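1. Sequence unavailable; structure follows:
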């Protein structure tokens with residue numbers, strides 16, 4: 001049997017952990033009233049329906065129903081076991097605990113987990129060796145001098161764990177073999193390559209090594225840069241796509257930049273990791289794609305932390321093209337986009353080396369322009385404004401972009417700007433703009449369109465029946481106070497709640513108090529054995545209730561619950577009465593009729 005983490009430790013970590021801090025690493029949260037709201041990380045949405053209660057230490061999504069405490073969140077989001085979730089939460093508050101191994105239920109699953117673990121350990125081992133070779137050996141001296149001459153500091157080299165791969169065909173493969181790693185799995189991880197004769201050789205040789213980390217800070221790949229320009233080899237060589245490493249899911253420096261992105265309320269997106277490293281002191285919220293186009297997964301990662309992206313791509317035509325495409329994709333996802341414009345074909349690293357980091361921060365990042373202003377700059381670069389054709393092409397392109405803007409004030413602002421720049425009438429430009437605007441729907445068609453979802457409670461916009469509302473309030477009060485729980489139990493006098501999930505939570509809650517626990521939403525939710533019950537319980541816990549509930553209010557709720565049961569009983573008797581009449585058993589029908597009369601009288605009382 002596997003060793004358990006003591007319950008006392010589980011509870012201590014949970015109580016000392018702030019669920020808002022944990023979830024803020026994954027979701028951009030904004031305070032509204034007593035709770036925090038953000039976009040749910042478990043399903044796609046554009047309006048925030050994901051709520052976190054710092055008071056109760058629970059979360060709930062009103063869109064998809066996900067809910068629970070800090071452990072539930074980590075288990076569902078990161079796909080980890082309960083023990084691993086406890087370890088992650090513990091590490092956040094300085095309580096490091098070892099995660100005991102589970103009893104293997106299936107050999108293939110266990111082998112897969114071991115393979116994943118070995119590959120991560122191998123990447124970590126090589127990162128340490130590569131870094132040591134660069135910083136502390138004669139073999140790495142030439143590479144170290146090269147990096148320092150390029151403007152990188154020793155602090156940056158240490159912070160990003162940059163290293164050096166020897167000009168050897170088998171240094172890495174032999175090292176991994178000596179350390180007991182299976183070479184076939186190391187080939188699968190992209191660290192070595194298999195020859196036709198079955199032997200292995202190193203993928204990375206004589207290159208500056210940049211470790212690539214996932215959103216949890218685990219090294220999952222490398223990018224190697226050549227320093228001998230005369231060699232007929234690619235400038236950068238990246239690890240291949242592996243189960244650990246998919247380029248469209250990795251943003252370089254994402255795990256380090258989380259805090260800065262939340263503080264600055266924006267992310268600076270670069271084209272390459274060298275720009276991230278060189279600018280890190282002045283733009284700690286910098287991240288980069290890994291030599292691939294911006295993907296929906298990349299945008300989703302950014303969206304968890306901020307609602308604004310500053311694009312800082314190379315200041316040449318290729319950089320403008322890439323920024324134009326990225327800006328469109330980002331803004332269409334609902335994020336605000338700004339663009340930092342670099343002059344004279346410089347890239348961010350060049351600019352920092354030439355003018356310094358402080359100038360880069362003030363003149364480039366802090367002076368970034370709006371998406372529309374960038375588009376005007378972009379179209380100017382593509383048209384010769386000294387010719388009539390070039391000016392007309394530019395004006396038509398800009399009018400199309402203005403037509404896509406949502407705000408009337410924004411449209412008016414840029415129309416006026418075009419008017420002033422080319423000495424054209426506002427009226428003429430507005431008429432041309434009108435022809436580019438999407439055709440309005442007829443009024444009749446508008447009236448039959450289904451209403452758009454509004455606010456975070458759209459899923460619960462339909463009023464619940466009175467008896468269900470009463471049951472939810474009773475459970476909410478019971479979870480808030482153990483004495484109230486026993487009061488409700490007495491008032492129900494052995495009667496059950498009408499909704500199965502409510503009755504199940506009712507029973508588990510009483511058992512929870514019988515075990516000597518006190519009211520604690522996060523702890524109780526953790527005790528529920530079923531994921532669906534946890535979602536229902538957390539949703540109820542998010543309700544605003546009067547903490548000073550009186551006996552009259554509780555009696556009213558219980559009366560509503562029992563009233564529905566009486567109504568069901570009356571309907572049942574009415575069916576029996578009709579069945580008796582159908583069989584011409586009028587005596588039985590009359591007896592049932594009297595029962596119905598008594599039940600209706602009791603209902604009124």
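-> Great, that's in hand. Since this is a predicted model, take the numbers as computed values, not measurements. Numbers count the residues shown, from 1 in each chain.

2. The stretch 251-400 of the chain: strands as residue ranges?
-> 251-252, 267-270, 286-289, 308-312, 336-339, 369-370 (DSSP state E, counting those that start in this stretch).

3. can I get the ones you listed in JSON lines with mean pLDDT, distance to residue 565 and mean neighbour count?
-> To be clear about C-beta, it is placed using only N, CA and C from the backbone, and glycine gets the same treatment. Converted to JSON lines, the strands of the stretch 251-400 of the chain look like this (pLDDT from 0 to 100; distance: least, C-beta to C-beta, whole Å; neighbours: other C-beta atoms under 10 Å):
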{"stretch": "strand 251-252", "mean pLDDT": "96", "distance to residue 565": "55", "mean neighbour count": "26"}
{"stretch": "strand 267-270", "mean pLDDT": "96", "distance to residue 565": "55", "mean neighbour count": "28"}
{"stretch": "strand 286-289", "mean pLDDT": "95", "distance to residue 565": "58", "mean neighbour count": "25"}
{"stretch": "strand 308-312", "mean pLDDT": "96", "distance to residue 565": "54", "mean neighbour count": "24"}
{"stretch": "strand 336-339", "mean pLDDT": "95", "distance to residue 565": "53", "mean neighbour count": "20"}
{"stretch": "strand 369-370", "mean pLDDT": "94", "distance to residue 565": "61", "mean neighbour count": "14"}
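
4. Quick one, which of the ones you listed gets closest to residue 571.
-> strand 336-339 (55.6 Å; C-beta to C-beta).

5. Direction included, what does that closest one pair against?
-> Using DSSP bridges, the strands paired with strand 336-339 are strand 308-312 (parallel), strand 369-370 (antiparallel).

6. which residues are in contact with that strand?
-> 266, 307-313, 323, 327, 330-331, 368-371, 373-374 (C-beta atoms under 8 Å, 6 or more residues apart in numbering).

7. same deal with stretch 34-44?
-> Identification of contacts with stretch 34-44 by C-beta under 8 Å, 6+ apart yields 20, 23, 26-30, 45-46, 48-55, 61, 63-64, 66, 76-77, 303-304, 456, 542.

8. care to break the chain down by domain?
-> 7-92, 110-244, 249-382, 394-435, 462-605 (automatic domain parsing).

9. Specify the stretch among those that is closest to residue 388.
-> With respect to residue 388, and counting by C-beta to C-beta, the nearest of the domains of the chain is domain 394-435 at 10.7 Å.

10. now that closest one, how far from the centre of its chain.
-> Remark: domain 394-435 is offset 37 Å from the chain centroid, using C-alpha atoms, centre = their mean, to the nearest Å.

11. average pLDDT across it?
-> Domain 394-435 shows a mean pLDDT of 86.

12. ok, now stretch 125-144?
-> 96.

13. all strands for the stretch 101-250 of the chain, in order.
-> 163-165, 192-194, 200-202, 207-213, 219-226, 236-238.

14. measure the nearest residue to residue 206 once chain neighbours are set aside to residue 556 for me?
-> Nearest residue to residue 206 in three dimensions, chain neighbours excluded: residue 167, at 3.8 Å (C-beta to C-beta, 6 or more residues apart in numbering). Residue 167 is 82 Å from residue 556, where distance means C-beta to C-beta, to the nearest Å.

15. Then residue 195?
-> Between residue 195 and residue 556 the computed distance is 80 Å (C-beta to C-beta).

16. So which of those two has more stuff around it?
-> Using other C-beta atoms under 10 Å as the criterion, residue 195 and residue 556 rank with residue 556 on top: 12 against 8.

17. Tell me, how many residues neighbour residue 244?
-> By the measure other C-beta under 10 Å, the count of residues near residue 244 is 20.

18. Next, it: phi, psi?
-> Here is the backbone geometry of residue 244 (degrees, to the nearest 10): phi -80, psi -30.

19. how about the nearest residue to it once chain neighbours are set aside, what does it touch?
-> Nearest residue to residue 244 in three dimensions, chain neighbours excluded: residue 220, at 4.1 Å (C-beta to C-beta, 6+ apart). Taking C-beta under 8 Å, 6+ apart, we find residue 220 in contact with 120, 123, 212, 213, 214, 239, 242, 244, 245, 250.

20. From residue 61, how far off is the second one?
-> Between residue 123 and residue 61 the distance is 34 Å, computed by C-beta to C-beta.

21. Pull out the buried residues from stretch 205-222.
-> Within stretch 205-222, the residues scored as buried using 16 or more other C-beta atoms under 10 Å are 205-215, 218-222.

22. What is the subsequent helix or strand relative to the host helix or strand of residue 507?
-> Using DSSP states H and E, residue 507 sits within helix 500-514. Note on helix 500-514: by DSSP H and E, the next helix or strand toward the C-terminus is helix 521-527.

23. what's the neighbour count on the residue lying closest to residue 342 once chain neighbours are set aside?
-> Leaving aside its chain neighbours, residue 342 sits nearest to residue 315 (3.0 Å; criterion: C-beta to C-beta, 6+ apart). Around residue 315 sit 20 other residues, with neighbours defined as other C-beta under 10 Å.

24. on that earlier part again, okay, and which of the contacts of residue 220 map to helices?
-> Residues of those located in helices (DSSP state H): 120, 123.

25. hang on, the earlier thing: pipe the strands paired with strand 336-339 into TSV and attach distance to residue 353 per row.
-> Converted to TSV, the strands paired with strand 336-339 look like this (distance: least, C-beta to C-beta, whole Å):
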stretch	distance to residue 353
strand 308-312	15
strand 369-370	24
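
26. Relative to residue 490, which of these is closest?
-> Taking C-beta to C-beta, strand 308-312 is the member of those nearest to residue 490, at 54.8 Å.

27. For the residue nearest to residue 206, grab phi and psi.
-> phi -80, psi 60.

28. Now do the same for it: its pLDDT.
-> So residue 167 comes in at 93 (pLDDT).

29. Next, find the distance separating it from residue 248.
-> 32 Å.

30. Also residue 598?
-> Applying C-beta to C-beta, the value for residue 598 to residue 248 is 69 Å.

31. Please enumerate the strands of the stretch 501-605 of the chain.
-> Using DSSP E, counting those that start in this stretch, the stretch 501-605 of the chain contains no strands.
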